[in-house]
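> Sharing a sequence plus its predicted fold:
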Protein chains: 2
Amino acid sequence: MKAKVQVFLKPGVLDVQGKAVEAALHGLGWSDVQNVRVGRTIEFDVADGDADKARAEVKSMCDKLLANTVIESYAIEVG
Amino acid sequence: MKAKVQVFLKPGVLDVQGKAVEAALHGLGWSDVQNVRVGRTIEFDVADGDADKARAEVKSMCDKLLANTVIESYAIEVG
């Protein structure tokens, strides 16, 4: 079963990467680009079985390793 | 208009981050996790207007800046 986790900085946390990408895009002429946010996407395979159980497992993977829950939030897709 | 770009390493390119995350998850007891891939997600706002035109703009942003097209592939969502 495929699992996908998207990790983004929480609103209010300065997104330094986002600011850098935004400035670079403006420098290349795309001045209309705004609110650039850069996050991580982690895809992996988990054992087949009950999707809810797999979602709970992926959630605890996020809480323990994949995301720094102090400054980051995550979204999980399983299936 | 919201644009979202997902950048992943092309198949065949060693995903060092993915391997590290996989080993860490195995170390934490999730031994069934396989094929971990880590990529970037970039979200931003572009000027409202024709979605196809915006998609073409985002594509050239990817080719010029957001992705290293030698080793990375990208997927674009606009709208």
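Arrived safely, thanks for sending.

> any idea how far chain B is from the residue lying farthest from the centre of chain A?
Among the C-alpha atoms of chain A, the one farthest from their average position, using C-alpha atoms, centre = their mean, is that of A:Gly29, at 27.2 Å. Per C-beta to the nearest C-beta, to the nearest Å, A:Gly29 is found 10 Å from chain B. C-beta here means a position set from N, CA and C on the backbone, and glycine is covered the same way.

> how much space between that residue and A:Asp15?
In this view, A:Gly29 and A:Asp15 are 22 Å apart by C-beta to C-beta, to the nearest Å.

> what sits against A:Asp32?
B:Val46, B:Ala47 (C-beta atoms under 8 Å, 6 or more residues apart in numbering or on different chains).

> Please read off the pLDDT at it from the model.
At A:Asp32, the pLDDT value in this model is 94.

> I'd assumed it was in a strand, is it?
No: A:Asp32 sits outside any strand when classified using DSSP: H, G, I helix; E, B strand; the rest coil, being coil.

> Torsion angles phi and psi at it?
phi -80, psi -10 (degrees, to the nearest 10).

> list the contacts for the residue nearest the centre of chain A?
By C-alpha atoms, centre = their mean, chain A has its centre lying nearest to A:Val7, at 1.9 Å. Residues in contact with A:Val7 (C-beta under 8 Å, 6+ apart) are A:Gly39, A:Arg40, A:Thr41, A:Ile42, A:Cys62, A:Leu66, A:Ala67, A:Glu72, A:Ser73, A:Tyr74.
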